[in-house]
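Colleague: Sequence plus predicted model, see below.
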Amino acid sequence: MTALLFTNARIVDGTAPERGAPMDVLVEAGRIREVAPKITSAAAETVDLGGRTLMPGLIDAHVHTIACLADLGANAKLPDSLVTVRAMKLMGEMLMRGFTTVRDVGGADHGLKVAAAEGFFPAPRLNISGKALSQTGGHCDFRGPYDDRETIKTGFALGALGRVCDGVPEMRKAAREEIKGGAQFIKIMANGGVASPTDPIHFLGFAREELLAVVEEAENAGTYVSAHLYTDAAIRRAVECGVHSLEHCNLIQAETAKFAAAQGAIAVPTLVTYDKLSSEGAAMGFPANSVAKIDSVRLAGMESIAIMREAGLPMAYGSDLLGQMHRHQSEEFVLRGQVMPAHEVIAAATFIAARLLRMEGQIGCIAPGAFADLVVVDGDPLADLALLTHQGRHMPIILQGGAFVKRTALN
Ligand SMILES: [Zn+2]
């Protein structure tokens, strides 16, 4: 792998409200070696960025790479071969939007992670939970009210976001099986959901003792629990039980947000999925009973961002899109930009997400020792977050682990 020297780069990494002064960035053996105002290297190929923006590769902390259909019940019934190929396509498209790392919070297995890392297909670095854990009738139980067939206990389809388990012993075993299978954290469904048929938004998922048990299992394995959550009561209960990664949080209130911040939790709002489910969901095959639930969480979403910001609760970037709606992945930047400063929005997809993935210093930053995951942007995203949208149109160069995954001539 040739060494690369990017010169005249204006760095935007979410730590400052303005672009940095022009810098040089030296990349060797897949990593960033040096960042300084002037670097000389005889061995490296020089790429003069001419004052363009240089960002760390973006991180999306809430995706479902296997959700090729908006109807998640139908998605779980697809053959694994089809889901695999479609997931590789979805992941390639994520990478071309500048997302060099994604955290899969339900569905992707270790095989998909290895395939992504092998590099035969363009794909982001994958951080996975394996199958999400749901109670009977919870957010991953798609059987519906008149279907009492036993849920599958082993050999889960790749297209299934999650698995059903009930009671402390099953919960512990499921968590252990996911960790054995390569899960890097545990995802649970601790509140009702929009996409599932029999759990209204206000339902609490799992008993307190089940939450405590799964948190203990995750911590025993040196990791953490991420929970699907909407209501204030569900979020508070989850944080009290030690849940660390709080997904969605649309209906959070100030006191709970402050409590979560004090506990060191990180929230992962996903405004864009409700926005798109509302405008496109029905046409994309999202079931009618689920469409009816969207507005109960969508309308409070923007307000939740302001509440969490005010409370000092860190927020990582999440999109949570399904099926053909994946193409809107970058629009979360623009939605959040309506209620918070651009550099804080970008921080969600750089160092805050890196902290959540426990990869601080490795990804989400432009610093010596980090992976050379880099995105060149034409223009200043701090002035216009929409430059990060349009399927990477304003990103002439995308680098992952020191290798070009996209390289357009700079002029
Ligand atoms: Zn999700």
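Modeller: That came through fine. Numbers count the residues shown, from 1 in each chain.
Colleague: which residues sit against the lowest-mean-pLDDT helix or strand in the chain?
Modeller: In the chain, no helix or strand scores lower on mean pLDDT, DSSP states H and E than helix 288-291, which sits at a mean of 80. By C-beta atoms under 8 Å, 6 or more residues apart in numbering, the list of residues contacting helix 288-291 from outside reads Val194, Ala195, Ser196, Pro197, Leu277, Gly281, Ala282. Glycine gets a C-beta too; all of them are placed from N, C-alpha and C.
Colleague: State the next helix or strand along the chain beyond that helix.
Modeller: helix 294-311 (DSSP states H and E).
Colleague: Going along the chain, name the strands of the stretch 201-350 of the chain.
Modeller: For the stretch 201-350 of the chain, the strands defined by DSSP state E, counting those that start in this stretch cover 225-231, 245-251, 266-268.
Colleague: Save these as TSV, and put in mean pLDDT and distance to Val339 too.
Modeller: Formatted as TSV, those follow (pLDDT from 0 to 100; distance: least, C-beta to C-beta, whole Å):
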stretch	mean pLDDT	distance to Val339
strand 225-231	97	18
strand 245-251	97	13
strand 266-268	98	14
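Colleague: buried stuff in the least confident helix or strand of the chain?
Modeller: Ser290 (16 or more other C-beta atoms under 10 Å).
Colleague: Kindly format the C-alpha coordinates of it as PDB.
Modeller: Backbone C-alpha positions of helix 288-291 (Å, rounded to 0.1, in the frame of the first residue of the first chain) are rendered in PDB as follows:
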ATOM      1  CA  ALA A 288     -50.500  -0.400   7.500                       C
ATOM      2  CA  ASN A 289     -50.800  -1.000  11.300                       C
ATOM      3  CA  SER A 290     -47.200   0.200  11.700                       C
ATOM      4  CA  VAL A 291     -47.700   3.400   9.500                       C
END
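Colleague: Narrow the contacts of helix 288-291 to just the buried residues.
Modeller: Applying 16+ other C-beta under 10 Å to the contacts of helix 288-291 flags Val194, Ala195, Ser196, Pro197, Leu277, Gly281 as buried.
Colleague: thinking again about what came up before, turn the strands of the stretch 201-350 of the chain into a markdown table, columns for distance to Phe185 and mean neighbour count.
Modeller: Formatted as a markdown table, the strands of the stretch 201-350 of the chain follow (distance: least, C-beta to C-beta, whole Å; neighbours: other C-beta atoms under 10 Å):
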| stretch | distance to Phe185 | mean neighbour count |
| --- | --- | --- |
| strand 225-231 | 6 | 28 |
| strand 245-251 | 7 | 28 |
| strand 266-268 | 12 | 25 |
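Colleague: between these, which one is nearest to Pro396?
Modeller: Shortest distance between Pro396 and the strands of the stretch 201-350 of the chain, using C-beta to C-beta, is found for strand 266-268: 29.3 Å.
Colleague: Report all helices and strands that that closest one contacts.
Modeller: Judged by 3 or more C-beta pairs under 8 Å, 6 or more residues apart in numbering; DSSP states H and E, strand 266-268 is in contact with strand 245-251, helix 351-356.
Colleague: what's the closest of these to Leu388?
Modeller: helix 351-356 (14.1 Å).
Colleague: Please list the outside residues in contact with that closest one.
Modeller: 13-15, 59-61, 101, 103, 245, 266, 268, 314-317, 360-365.
Colleague: mind checking pLDDT for Leu194?
Modeller: In this structure residue 194 is Val, not Leu. The per-residue pLDDT reported for Val194 equals 83.
Colleague: distance of the closest residue to it other than its chain neighbours from Gly20?
Modeller: Excluding the flanking residues, the one nearest Val194 by C-beta to C-beta, 6 or more residues apart in numbering is Lys293, at 4.7 Å. From Lys293 across to Gly20, the span is 44 Å (C-beta to C-beta, to the nearest Å).
Colleague: So the two - more neighbours on which side?
Modeller: Neighbour count, other C-beta atoms under 10 Å: between Lys293 and Gly20, Lys293 has more, with 20 against 16.
Colleague: any idea of the mean pLDDT in stretch 2-9?
Modeller: Mean pLDDT, stretch 2-9: 96.
Colleague: Pull out the buried positions in it.
Modeller: Ala3, Leu4, Leu5, Phe6, Thr7, Ala9.
Colleague: hmm, back to that, mark which of the contacts of helix 351-356 are buried, thanks.
Modeller: 13-14, 59-61, 101, 103, 245, 266, 268, 314-317, 362-365.
Colleague: contacting residues for Val102?
Modeller: Ile59, Asp60, Ala61, Val63, Thr65, Met91, Met94, Pro124, Arg125, Leu126, Asn127 are the contacts of Val102 under C-beta under 8 Å, 6+ apart.
Colleague: what two of the residues you listed have the greatest distance between them?
Modeller: Ala61 and Met91 (15.1 Å).
Colleague: before we move on, the earlier item: among the contacts of Val102, which are in strands?
Modeller: Using DSSP state E, the subset of those located in strands is Ile59, Asp60, Ala61, Val63, Arg125, Leu126, Asn127.
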